[in-house]
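Undergrad: A structural model of the following input is requested.
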Amino acid sequence: MYPETTGRFNYTELTHRITLRASEKLVDGVKVVEPGLNLLVEFMGLDGPQGASKLFSWEGTIIWFNEAKEIRKDIIDQATVRVGRYPSLKQGGVMPTWSGIIMDTNPYNAGHWLDRLQKNPPKHWRFFRQPPGVLEMEKVQDDEWQSIEPNFPLTITDKDYIHEGARCLWAVNPTAENLPNLPIDLKLDPTNNPLKEASYYARLVSGKNKSYISVFLQGKNGTLTSDQAVIPEFDATSMISHKVFYNEGLSLLCGVDFGSGTLNPAAVFGQLDPVHNRWSIIREVVCQGMGLLQFADPAGLQQDGVSMKTYFEHLRTKGLHVLLAPSNAVDIRIECIRSPMLRFSQGIPSFQISPSCNVLIEALAEKWFSDVADALGYLLSGGGEHFQLVSHSRQQKFHDRTYIQDFDWDVFEALDL
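TA: Numbers count the residues shown, from 1 in each chain. Here you go, the predicted structure:
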């Protein structure tokens, strides 16, 4: 917050001491005393596994966490009990007018501990969000566009202020922070207009996918899909939905990966809407160091390694009717996951997932956790996606062939049935 030339910066201890003398001045003939300042700022790295232990004996007034999404929740918890303890009243100090924790951060994934607290803020917690840099727009009539962002209404009647990106329409938010100080390509726009094509945000939407725009240009929480992701079709912005819920009128299906040899079983629960041919992924169960008996029945205590045959026998003794997936091939399971993501019904992808499925979302977008992702693959393949893949393949095979009638011709052999 202060340049190193103000006060004294200690590069060995990474501390910054800022001291200002008290002063007096006259304001409208009245003497006003400006209090002095004796501030010690300590810089610490608290993002590692030993971060919480560094705070055990620390006493201070305020802690500021930079990039809070990278900080573990237990470290934040420990920090809350270490602030407000300085200056010590026992040693003649005074009670601070305010003490607490300040955090800044980039957007975080759905299901992150910050995301959960933001949705249900604890007492004395407050969340603030910067205005988005761009607003998604829709054309309502000729030469008129309106913002679809509920908290940022905007109407535009000049197409020069509308910018295309990720197959959507955008406008630079005129209430975005720091607009006058952002770079503008004066070769494209000598008028130096921060809202038109040459502006900083307008140029950034070009060539980006919608997940990137949503997270980095609008400041919304979400997960970016890596170009190296196993499921690049997964789009967090359009597929993670708070509207996913259990429908009592539909069958509840569950895909299970036994975690054979790893003791990390996983299950994914979902429902298929037959009218829109759309999947709703409702819940995940992800375990570590747990045997099948304990997974199927919380009262079980064994960490058992059993054969595939006895996996099913174990589950059936617990009243769980289990069927083999149509295929155990990894590429088939992946195709069964990708297929509904490429289908659309009423403009919505046919794959919708609850934000409560934290591990599965991360597996689809960033890092492939085989157990929970395989459970999803078994759910979708057994729920009908495998049948659709095979049916399409057979139809394509039939249309791509030319058959000539012969005395030895066998229709079943020709269709490879």
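
Undergrad: Residue 104 versus the nearest residue to residue 112 once chain neighbours are set aside, what's the distance?
TA: Using CB to CB, 6 or more residues apart in numbering and skipping the chain neighbours, the partner closest in space to residue 112 is residue 69 (6.2 Å). No exception for glycine: its C-beta is placed from N, CA and C like everyone else's. Distance of residue 69 to residue 104, computed by CB to CB, to the nearest Å: 10 Å.

Undergrad: ditto for residue 335
TA: 42 Å.

Undergrad: so the residue nearest to residue 112, which of the three states?
TA: Per DSSP: H, G, I helix; E, B strand; the rest coil, the local secondary structure of residue 69 is helix.

Undergrad: for it, what are its contacts?
TA: 105, 106, 107, 108, 112, 114 (CB atoms under 8 Å, 6 or more residues apart in numbering).

Undergrad: pLDDT below threshold where in the stretch 301-417 of the chain?
TA: 301-312, 366-370, 391-417 (pLDDT under 70).

Undergrad: now do 50
TA: Within the stretch 301-417 of the chain, the segments meeting pLDDT under 50 span 301-309, 397-400, 402-407, 411, 417.

Undergrad: And the helices in the protein, which stretches?
TA: 73-80, 113-119, 200-205, 210-212, 236-239, 292-296, 308-317, 330-342, 358-365, 370-380, 386-399, 411-414 (DSSP state H).

Undergrad: Can you pull out the low-pLDDT segments for this structure?
TA: 297-309, 397-400, 402-407, 411, 417.

Undergrad: Tell me which residue is most central in it.
TA: Centroid-nearest residue in the chain, with CA atoms, centre = their mean: residue 109, separated by 2.3 Å.

Undergrad: if I look at it, how far off is residue 315?
TA: 32 Å.

Undergrad: How about the contacts made by the closest residue to residue 98 other than its chain neighbours?
TA: Counting by CB to CB, 6+ apart, residue 62 is the residue found nearest to residue 98 once chain neighbours are left out, at 7.9 Å. By CB under 8 Å, 6+ apart, the contact set of residue 62 is 83, 98, 99, 100, 101, 102.

Undergrad: Which residues are in contact with the third one?
TA: Put plainly, it is residue 99. 61, 62, 83, 84.

Undergrad: Would you mind naming the residues that bridge with the third one?
TA: In other words, residue 83. Beta-bridge partners recorded for residue 83 (DSSP bridges): residue 60.

Undergrad: That one: how many residues sit nearby?
TA: 19 (other CB atoms under 10 Å).

Undergrad: Please tell me how far it sits from residue 105.
TA: In terms of CB to CB, residue 83 sits 18 Å off from residue 105.

Undergrad: and this structure, what are its domains?
TA: 8-119, 134-217, 236-399 (automatic domain parsing).

Undergrad: quick one: which of the ones you listed is nearest residue 126?
TA: Checking the domains of the chain against residue 126 by CB to CB gives domain 8-119 as the closest, at 10.1 Å.

Undergrad: So what would you say the end-to-end distance of that closest one is?
TA: By CA to CA, to the nearest Å, the extent of domain 8-119 from end to end equals 42 Å.

Undergrad: Off-centre distance for it?
TA: Averaged C-alpha coordinates place domain 8-119 at 28 Å from its chain's average position (CA atoms, centre = their mean, to the nearest Å).

Undergrad: when you give positions from now on, start the count at 22
TA: Let's use 22 as the start, then, which means that last one is domain 29-140.

Undergrad: rewinding a little: just put the contacts of residue 90 in a markdown table and tack on neighbour count and distance to residue 183.
TA: Formatted as a markdown table, the contacts of residue 90 follow (neighbours: other CB atoms under 10 Å; distance: CB to CB, whole Å):
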| residue | neighbour count | distance to residue 183 |
| --- | --- | --- |
| 126 | 14 | 31 |
| 127 | 12 | 27 |
| 128 | 20 | 25 |
| 129 | 18 | 30 |
| 133 | 19 | 33 |
| 135 | 20 | 33 |
